[in-house]
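how does the following fold in three dimensions:
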Amino acid sequence: MKLFKTNLKFRLLAFFFLLGIPVLIIGIIITYYNGSQNLKESIGKRFQEIAEQTADRTSFFIDYEFQKLQYLSSNPILIDEINIINKVKGGDIKRHLRDKGTSADLSSILNQFMRNNKDIYKGITITDRGGRVVASTKENGNHKDKEWLWMTAYNGIANISDFYTREGSYTSTGSIEFFVDVAIPIIDWREAEVVGVIKGTLSGEWITKTVVNSWIGKSGHTMLVTSDGLVAICPFELLEGDKDLHKLDNSTMNRLKALSSNNSKWDIVEDNTHEGKNAIAGFALIRLSPDIHKIEKQTWYIFVTQDPSETYAPLYSTLLKNLAFGLFLIIIFSIGSYYAAQRIVKPLAALKDGVEALRKGDANITLPVLSDDEVGQLTRSFNIMAATIKEETEEIHRKNREWDNTFNSITDLVVIYNKDYRIVRANKAFAARFNTTPDEVIGKKCGEVFPKGMEWGLCSHSRTLETKEVFQDEVHDPVTGGALMITTSPLFDENGQFVGSVLVARDITEYKDLQAQLLHSEKLAAVGELASGVAHELNNPLTGIMGFTELLLQKEKDEKKKDVLTKMLNEAVRSAKVIQNLLLFVRKSKEEDMPIEVNNMILNTLELKAHEFKVNDIVIIKKLAPASPKIKGNYHQLQQVILNILNNAHASLLEANRAGKEILIETKLKDINEGSQLIEISIKDNGLGIPPEHLSKIFNPFFTTKEPGKGTGLGLSVSYGIIKRHNGSIYAKSDLGKGAAFYIELPVGTV
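Numbering: from 1, shown residues only. Got it, this is the predicted structure:
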């Protein structure tokens, strides 16, 4: 009797012998009920996860193709060609494109893009800002379809169409093929304006490869559904060559439309579009990048489903096994009882141990799946959950590392205080300033860290603590002897409660130096005024010298003496001309525009530098357009631009210190649309050139590569402003080590 009470096998023997059949029946019913619920939950969540992953993958694919078209739209050759086309008003655009070779250039770019993406795109079309088709990979067809795509893109908004079909378009397997159009604005960033539109047609067959990543069993698959319930992508259609469109029923579509922008779900649907009744389905919203504008607010969904017979097959199999197992236990109770105990207890104990390990933070765990029943399904779900937790934990750690790297990469001194004046966090730059580490200062009060003479670390926080507002002050740095700009900003929690402040100390010594350089520039302007006065004083004796020399020439009979007097007169005249040009340059110019002969202005400016060029063996090559028309503008301002560029070329040639130093100055007359003309001035040298990383910054104020005190960085920025005031353009090109070229384009006749 004691053995019966303590031995599990005997207890199971009595249990199955007396209650075996009823319990077996009840057990099958319970197993079916619980198993079906667990199966639906696990399968549903799995389908939901697959839908989420597929939606993210599809969104990434579309974003990636969107970025490729953006990269194509930023091609400088393409932008320049579109700008040329946009200048053509009316007329035969096709003949213009053919005569100028522009169509061939654009077609070459598009054909190269299509060769690289032949399986992804069905066609690329480029329109100018007037909506005219200037290049296309389509040989036939209406290029003006979907006008809303072009209109939205020309407003500067990239957009994407809904899925659509074309009559007679089928995939390689014979099923109906869907397409998606993406329109990208072509933006000329130099002028910050949209100059045209690129429209690309994505192949639905290619997108299918992204959506249909893998089969779930034999019948489980993913589908892409539009906001109208139309199934645009389905692997069954590809396999069977289905030419019939199929849709989700209204009930299922209402569940999809109930999803929020960041939501996914699983549910039991009445029809899975393949005659599967009460099927488990997972669905998720495809979230496109906010940079892509969706026309008419269409929405796409990923729909994951499986034939119900295959979905519930593991449950039916489990029920049959349990029935056989129960009968087996009744017949051979002892062995069956022991096996049942082992079968049930062991995997549950393993799951219990796994859950305990997971609770302690050990996500690097995988349990063996010993069966396909509910315990096996639960084990699989546990493994998936553990893997997901591991990935999310690693992602959190990665983002924390990125935040730490970003925080510690800031060169400014950054420290975070709480309301008790204690340091919560500090970056490496802050800790290094006080010869410590970020970890060592955490928890200390600011008064314990800042030495005497640096009380701003405490006072700045106090002001923000009192006012709950941003406080800013400029202080002296006793460590470096420079100047610091101190900014403290309040920190609030999610409830709007003040919890501390962020102090940022930025070294503004260089900025103060730039202010000093500006003051120095003002002093130079004063020196220019002085030079103007000296030039006036020199003009008087030079005038006398030239007059007396001319009198001597008239009276002198000796040819040798006349030759000497002639040279004296020529040098005096040349000196007077240099002084005159210097006066024109340094004299304060009125903001009045006047007709200017560009070639004469260039020659007069060269006179100011003629002596320096001659002393430094710099050869000036002039290719000036004959009889070019005049422009209207400020003579002195434009002369200042030419002189600034000549000074830079002079400095580059001296630094290069090579034989054969040359400066080429050339003027050209160019025709633009509607009979307008412009004059192009190019100044090229064979000096050191401009590094590529500096080329985009040379017109920025205060940007200079010269040593402190040798340049203010204002010459080219001022020149840029002057040319823009004259409705012109100025830009530079350079081949590092071979020289640099500056180009100035000014309209003829008017400002």
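
for this structure, what's the longest strand?
strand 176-188 (DSSP state E).

helix, strand, or coil at residue 436?
Per DSSP: H, G, I helix; E, B strand; the rest coil, the secondary structure class of residue 436 is coil.

re earlier: listing partners with orientation, what would you give for the longest strand of the chain?
Paired strands of strand 176-188, with direction, are strand 159-160 (antiparallel), strand 164-170 (antiparallel), strand 193-203 (antiparallel) (DSSP bridges).

turn those strands into a markdown table, including mean neighbour count, mean pLDDT and distance to residue 356.
No exception for glycine: its C-beta is placed from N, CA and C like everyone else's. As requested, the strands paired with strand 176-188 are arranged in a markdown table below (neighbours: other C-beta atoms under 10 Å; pLDDT from 0 to 100; distance: least, C-beta to C-beta, whole Å):
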| stretch | mean neighbour count | mean pLDDT | distance to residue 356 |
| --- | --- | --- | --- |
| strand 159-160 | 24 | 84 | 49 |
| strand 164-170 | 12 | 78 | 54 |
| strand 193-203 | 23 | 87 | 50 |
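
which one of those lies nearest to residue 269?
Distance to residue 269, taken as C-beta to C-beta, is lowest for strand 164-170 among the strands paired with strand 176-188, at 24.7 Å.

pLDDT score assigned to the most far-flung residue of the chain relative to its centre?
Note on the chain: the largest C-alpha distance from the chain mean falls to residue 557, namely 81.3 Å (C-alpha atoms, centre = their mean). pLDDT, residue 557: 78.

just give the closest residue to residue 83, not the sequence neighbours.
residue 195 (5.8 Å; C-beta to C-beta, 6 or more residues apart in numbering).

is it true that that neighbour touches residue 187?
Yes. Residue 195 lies in contact with residue 187 (C-beta atoms under 8 Å); the separation is 7.2 Å.

wait, residue 87 touches residue 673, no?
Yes. Using C-beta under 8 Å, residue 87 is in contact with residue 673, at 4.2 Å.

re earlier: wasn't the residue farthest from the centre of the chain part of a helix?
No. Going by three-state DSSP, the assignment for residue 557 is coil, not a helix.

now do it against residue 565, distance only.
12 Å (C-beta to C-beta, to the nearest Å).

again with residue 137
Separation of residue 137 from residue 565 (C-beta to C-beta): 78 Å.

which stretches of the stretch 651-751 of the chain form strands?
662-671, 677-685, 729-735, 739-747 (DSSP state E, counting those that start in this stretch).

among those, which comes closest to residue 653?
Taking these one by one with C-beta to C-beta, strand 677-685 is closest: 5.8 Å.

just the C-alphas of the closest one, formatted as PDB.
Extracted in PDB, the C-alpha atoms of strand 677-685 (Å, rounded to 0.1, in the frame of the first residue of the first chain):
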ATOM      1  CA  GLN A 677      24.200  87.300 -74.000                       C
ATOM      2  CA  LEU A 678      26.700  87.100 -71.200                       C
ATOM      3  CA  ILE A 679      30.400  87.700 -70.900                       C
ATOM      4  CA  GLU A 680      32.600  85.000 -69.300                       C
ATOM      5  CA  ILE A 681      35.800  86.000 -67.700                       C
ATOM      6  CA  SER A 682      38.200  83.100 -66.800                       C
ATOM      7  CA  ILE A 683      41.400  83.400 -64.800                       C
ATOM      8  CA  LYS A 684      43.600  80.300 -64.800                       C
ATOM      9  CA  ASP A 685      46.900  79.700 -63.200                       C
END
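
what's that strand packed up against?
helix 598-615, helix 635-656, strand 662-671, strand 739-747 (3 or more C-beta pairs under 8 Å, 6 or more residues apart in numbering; DSSP states H and E).

kindly export the second one (C-alpha atoms) in CSV.
Extracted as CSV, the C-alpha positions of helix 635-656 are listed here (Å, rounded to 0.1, in the frame of the first residue of the first chain):
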residue,chain,number,x,y,z
TYR,A,635,33.4,99.5,-61.9
HIS,A,636,35.3,99.5,-58.6
GLN,A,637,33.5,96.5,-57.2
LEU,A,638,34.2,94.4,-60.3
GLN,A,639,37.8,95.6,-60.4
GLN,A,640,38.1,94.4,-56.7
VAL,A,641,36.8,90.9,-57.7
ILE,A,642,39.4,90.6,-60.5
LEU,A,643,42.2,91.8,-58.2
ASN,A,644,41.2,89.3,-55.4
ILE,A,645,41.4,86.4,-57.9
LEU,A,646,44.8,87.7,-59.3
ASN,A,647,46.2,88.0,-55.7
ASN,A,648,45.2,84.3,-55.0
ALA,A,649,46.7,83.2,-58.3
HIS,A,650,49.9,85.1,-57.5
ALA,A,651,50.1,83.5,-54.0
SER,A,652,49.6,80.0,-55.4
LEU,A,653,52.3,80.4,-58.1
LEU,A,654,54.8,81.7,-55.5
GLU,A,655,54.0,78.8,-53.2
ALA,A,656,54.4,76.3,-56.1
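
start at 50 instead
Done: numbering now begins at 50, and the last item shifts to helix 684-705.

list the buried residues in it.
Buried residues in helix 684-705, counting neighbours by 16 or more other C-beta atoms under 10 Å, are found at 684-695, 697-702, 705.

CSV for the strands of the stretch 700-800 of the chain, including distance to residue 646, mean pLDDT and mean neighbour count?
CSV is the format used below for the strands of the stretch 700-800 of the chain (distance: least, C-beta to C-beta, whole Å; pLDDT from 0 to 100; neighbours: other C-beta atoms under 10 Å):
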stretch, distance to residue 646, mean pLDDT, mean neighbour count
strand 711-720, 11, 90, 16
strand 726-734, 10, 91, 20
strand 778-784, 20, 90, 17
strand 788-796, 12, 92, 21
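
can you redo those as JSON lines with distance to residue 413?
Output for the strands of the stretch 700-800 of the chain, formatted as JSON lines (distance: least, C-beta to C-beta, whole Å):
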{"stretch": "strand 711-720", "distance to residue 413": "69"}
{"stretch": "strand 726-734", "distance to residue 413": "64"}
{"stretch": "strand 778-784", "distance to residue 413": "55"}
{"stretch": "strand 788-796", "distance to residue 413": "58"}
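
nearest to residue 108, out of these?
strand 778-784 (38.6 Å).

name the residues that touch the closest one?
For strand 778-784, contacts defined as C-beta atoms under 8 Å, 6 or more residues apart in numbering pick out 239, 690, 738-739, 741, 744, 747-748, 768-769, 772, 789-794.

how distant is that strand from the center of its chain?
25 Å (C-alpha atoms, centre = their mean, to the nearest Å).

partners of that strand, with directions?
Paired neighbours of strand 778-784 in the sheet (DSSP bridges): strand 788-796 (antiparallel).

now do the strand it pairs with and helix 684-705, the angle between them.
Relative orientation of strand 788-796 and helix 684-705, computed by axes from the mean of the first three to the mean of the last three C-alpha atoms, to 10 degrees: 170 degrees.

mind listing residues that contact strand 788-796?
By C-beta under 8 Å, 6+ apart, strand 788-796 touches 647, 680, 682, 687, 690, 694, 697-698, 701, 719, 725-739, 772, 775-783.

what angle do it and strand 726-734 make?
With the same axes, to 10 degrees as the basis, strand 788-796 and strand 726-734 are set at 160 degrees to each other.

tell me where the model's unsure across the stretch 250-399 of the chain.
Residue ranges of the stretch 250-399 of the chain with pLDDT under 70: 262-263, 286-293, 309-311, 342-346, 364, 368, 371-398.

now do the strands in it.
270-274, 280-282, 313-320, 326-334, 342-343, 350-354.

using PDB, write down the CA coordinates of the first one.
Listed next in PDB are the C-alpha coordinates belonging to strand 270-274 (Å, rounded to 0.1, in the frame of the first residue of the first chain):
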ATOM      1  CA  HIS A 270       3.400  32.600 -47.900                       C
ATOM      2  CA  THR A 271       3.500  36.400 -47.800                       C
ATOM      3  CA  MET A 272       1.400  38.800 -50.000                       C
ATOM      4  CA  LEU A 273       1.400  42.500 -50.600                       C
ATOM      5  CA  VAL A 274      -2.100  44.100 -50.400                       C
END
